[in-house]
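Student: Below: sequence and its predicted model.
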Amino acid sequence: MSVVPSSLDNNSCDTAVRASFLHFKSDPDKTGEAFEYFEDGLLILKQGRVQMLAEAASEWIDYLPDGSIFYDYSGLLVMPGFIDTHSHYPQTEMIASHGLQLLDWLEQYTFPTEIKFSEREYADKIATFFCNEMLRNGTTTSAVYATVHSESVDAIFEAARERDLCMIAGKVMMDRNAPENLCESAGESYRQCSELIQRWHLNGRSHYAVTPRFAACSSPRQLELCGQLLGEHPDLYLQSHVAENRDEVRWVGELFPQNRSYLDVYDSYGLLGPRSIFAHCIHLDETDRQRMGSSGAAIAFCPTSNLFLGSGLFSLEAAYEHDIRVGIATDVGAGTSFSMLQTLNEAYKVCQLSGQILAPLKAFYLVTLGAAESLYLDHRIGNFNTGKEADFIVIDLQATELMQKRMESALSLEERLFALMMLGDDRCIQATHVMGQRQYSKAK
Ligand code: GUN
Ligand code: ZN
């Protein structure tokens with residue numbers, strides 16, 4: 001360790017955390033020493049950032065400077081906060097709505113629910129619930145869709161700011177093929193987005209995402225203006241849906257007959273690049289995947305949603321063959337859980353159905369550092385390297401009687417992690433810290 005105990009003073013430490021620690025340095029599929037695991041470790045923080053992670057906490061504990069805050073999570077596992085690369089906060093209340101596939105589900109459940117968000121008070125209530133649910137599930141960063149209403153964007157950014165959460169969000173843009181009161185002209189949505197970008201983009205931990213819902217609900221003019229917004233403001237995100245459902249793919253083909261593929265529609269308006277996040281990407285072809293890889297865009301793999309809506313099986317292997325960045329996502333409310341653990345459980349099964357294996361170390365890389373890389377945020381979050389923003393979660397591997405029983409014979413780290421992702425959920429999250437501060441504690 002580069003720091004010696006004598007240099008631990010009030011200048012280098014205001015908070016210390018004792019626990020078992022796991023974090024990733026790189027992709028476990030690519031390098032041999034991709035992770036660090038310390039059975040008894042100590043995380044030293046200063047002003048919400050990581051100062052260092054040390055092994056053998058007992059050797060350090062006596063040197064903590066007077067007045068520093070000490071969290072003793074001995075016996076529990078601390079990991080970086082989970083990162084959810086795609087979800088819809090306004091769909092919180094309609095999660096688990098029965099029986100339909102994408103296009104009918106949108107019409108019957110989603111659009112009527114999203115209409116309610118024209119009322120700021122209502123949006124605030126659901127945004128508060130959503131952010132609390134993030135914390136209860138150990139998610140400290142999310143890429144989120146609001147609705148077409150500007151107020152709904154203010155509501156989610158404000159709820160996130162109150163909890164210091166890292167939030168990527170944007171106003172849904174639609175100018176056709178949706179109920180009249182959810183559509184607006186391309187010019188009006190451009191104007192409102194410009195205002196929201198001024199207000200929220202790179203404001204604290206908030207990042208703005210230009211959010212055309214999907215090509216089927218946007219005219220060519222609206223997609224053109226999305227590209228214009230990206231050109232006008234640095235480091236904006238772009239989030240949308242692509243190639244989720246076969247009827248949807250066919251419909252987009254009819255709406256944009258001049259384009260080679262659904263993905264090519266977005267590409268032709270300049271919407272593919274670093275910080276573009278495309279949810280689903282199930283029905284892509286070889287050319288699409290090559291283009292995704294070379295553009296630096298990311299895929300949000302949404303296993304619970306893809307199964308719930310019967311959309312199909314996403315191929316993780318095909319994405320990696322083309323060097324595409326991938327994050328995992330809940331996609332609430334087509335997704336059926338806020339828990340990234342439960343989302344990994346379903347991701348594992350989706351891979352199984354395609355003869356692919358999602359190894360436990362890879363899975364936890366994907367919801368921490370891998371997701372941060374997919375979002376180009378790995379210089380700030382995703383692991384415990386010095387200088388990173390200290391978002392971390394405290395996990396109880398023995399949270400349920402069944403987990404206690406299973407852990408008795410799960411001897412290796414990999415076995416325990418696998419049991420965690422198969423059997424775990426919000427019951428395992430003992431505490432969630434954001435920028436070092438404890439924002440959620442299960443005990444309370
Ligand atoms: N495609 C367009 N809108 C949506 C949405 O809200 N959820 C999902 N899963 N797919 C979409
Ligand atoms: Zn979605």
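Tutor: Perfect, thanks for sending it. Residues are numbered from 1 along each chain as shown. Ligands and ions are numbered 1, 2, ... in the order given.
Student: Only the buried residues of the host helix or strand of residue 187, if you could.
Tutor: Of the helices and strands defined by DSSP states H and E, residue 187 is found in helix 186-200. Using 16 or more other Cβ atoms under 10 Å as the test for burial, helix 186-200 gives 186, 189, 190, 192, 193, 196, 197, 200. In short, each C-beta sits where N, CA and C put it, glycine included.
Student: tell me what that helix is packed against?
Tutor: Helix 186-200 is packed against helix 150-163, strand 166-170, strand 206-212, helix 220-232, with contacts defined by 3 or more Cβ pairs under 8 Å, 6 or more residues apart in numbering; DSSP states H and E.
Student: could you redo the buried residues of helix 186-200 as a markdown table and give each row pLDDT?
Tutor: Formatted as a markdown table, the buried residues of helix 186-200 follow (pLDDT from 0 to 100):
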| residue | pLDDT |
| --- | --- |
| 186 | 98 |
| 189 | 98 |
| 190 | 98 |
| 192 | 98 |
| 193 | 98 |
| 196 | 98 |
| 197 | 98 |
| 200 | 98 |
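Student: Output the below-cut-off pLDDT ranges for the stretch 101-250 of the chain.
Tutor: Along the stretch 101-250 of the chain, no part satisfies pLDDT under 70.
Student: Tell me which residue in it sits closest to ligand 2.
Tutor: Of all residues in the stretch 101-250 of the chain, the one sitting closest to ligand 2 is residue 241 (5.5 Å; Cβ to the ion).
Student: would you say that residue is within a strand?
Tutor: Yes - assessed with DSSP: H, G, I helix; E, B strand; the rest coil, residue 241 lies in a strand.
Student: Tell me, how many residues neighbour the closest residue to it other than its chain neighbours?
Tutor: Distance criterion Cβ to Cβ, 6 or more residues apart in numbering; nearest residue to residue 241, sequence neighbours excluded, is residue 214 at 4.2 Å. When counting by other Cβ atoms under 10 Å, one arrives at 25 neighbours for residue 214.
Student: Surely residue 214 and residue 245 touch.
Tutor: No - applying Cβ atoms under 8 Å as the test, residue 214 and residue 245 come out as separate, 10.1 Å apart.
Student: ok, back up a step: next up, the contacts around the residue of the stretch 101-250 of the chain closest to ligand 2.
Tutor: Counting by Cβ atoms under 8 Å, 6 or more residues apart in numbering, residue 241 touches 213, 214, 278, 279, 280.
Student: Ligand 2 contacts on the stretch 301-444 of the chain?
Tutor: Residues of the stretch 301-444 of the chain lying close to ligand 2 (Cβ under 5 Å from the ion) are residue 331.
Student: Tell me which residue is most central in the chain.
Tutor: Nearest to the mean C-alpha position of the chain, counting by Cα atoms, centre = their mean, stands residue 84 at 1.5 Å.
Student: And what about that one, helix, strand or coil?
Tutor: strand.
Student: Please name the nearest non-neighbouring residue to it.
Tutor: Using Cβ to Cβ, 6+ apart, the nearest residue to residue 84 is residue 142, at 4.5 Å.
Student: where's the one you found, which helix or strand?
Tutor: Under the criterion of DSSP H and E, residue 142 resides in strand 139-145.
Student: which secondary structure elements does that strand contact?
Tutor: By 3+ Cβ pairs under 8 Å, 6+ apart, strand 139-145 packs against strand 82-88, helix 120-136, strand 166-170, strand 237-242.
Student: Could you list the buried residues of the second one?
Tutor: Going back to what we said before, that points to helix 120-136. 122, 123, 124, 126, 127, 128, 130, 131, 133, 134, 135, 136.
Student: What is the nearest of those to residue 56?
Tutor: Closest approach to residue 56 among these (Cβ to Cβ): residue 135, at 30.5 Å.
Student: need the contact list for the closest one.
Tutor: Counting by Cβ under 8 Å, 6+ apart, residue 135 has contacts 163, 165, 432, 434, 439, 440.
Student: Quick one: residues contacting residue 67.
Tutor: Here residue 67 is in contact with 10, 14 (Cβ under 8 Å, 6+ apart).
Student: That one and ligand 1, how far apart?
Tutor: Here residue 67 is placed at a distance of 48 Å from ligand 1 (Cβ to the nearest ligand atom, to the nearest Å).
Student: before we move on, what SS does that residue have?
Tutor: From three-state DSSP, the assignment for residue 67 is coil.
Student: So it versus residue 73, what's the distance?
Tutor: 20 Å (Cβ to Cβ, to the nearest Å).
Student: related to what we said a few turns ago, the strand holding residue 142 pairs with which strands, parallel or anti?
Tutor: strand 82-88 (parallel), strand 166-170 (parallel) (DSSP bridges).
Student: now what about it, what contacts it?
Tutor: Under Cβ under 8 Å, 6+ apart, the answer for strand 139-145 is 81-90, 130, 134, 156, 165-170, 172, 209, 211, 213, 237, 239, 277, 300, 329, 338, 340, 371-372, 375, 377, 381, 391-393, 432, 434.
Student: now the end-to-end length of stretch 85-101.
Tutor: 22 Å (Cα to Cα, to the nearest Å).
Student: One more: stretch 106-118?
Tutor: In stretch 106-118, first residue to last residue: 18 Å (Cα to Cα).
Student: Could you tell me how far residue 50 is located from ligand 2?
Tutor: Note on residue 50: its distance to ligand 2, by Cβ to the ion, to the nearest Å, is 32 Å.
Student: count of neighbours near that residue?
Tutor: Around residue 50 there are 22 other residues, counting by other Cβ under 10 Å.
Student: sec struct for it, please.
Tutor: strand.
Student: Was I right to think it contacts residue 382?
Tutor: No - in terms of Cβ under 8 Å, residue 50 does not count as a neighbour of residue 382; the distance is 11.2 Å.
Student: Spit out the residues that contact these two alike.
Tutor: residue 388.
Student: other SSEs contacting the helix or strand where residue 103 lies?
Tutor: Using DSSP H and E, residue 103 maps to helix 102-105. Here helix 102-105 touches helix 246-255, going by 3+ Cβ pairs under 8 Å, 6+ apart.
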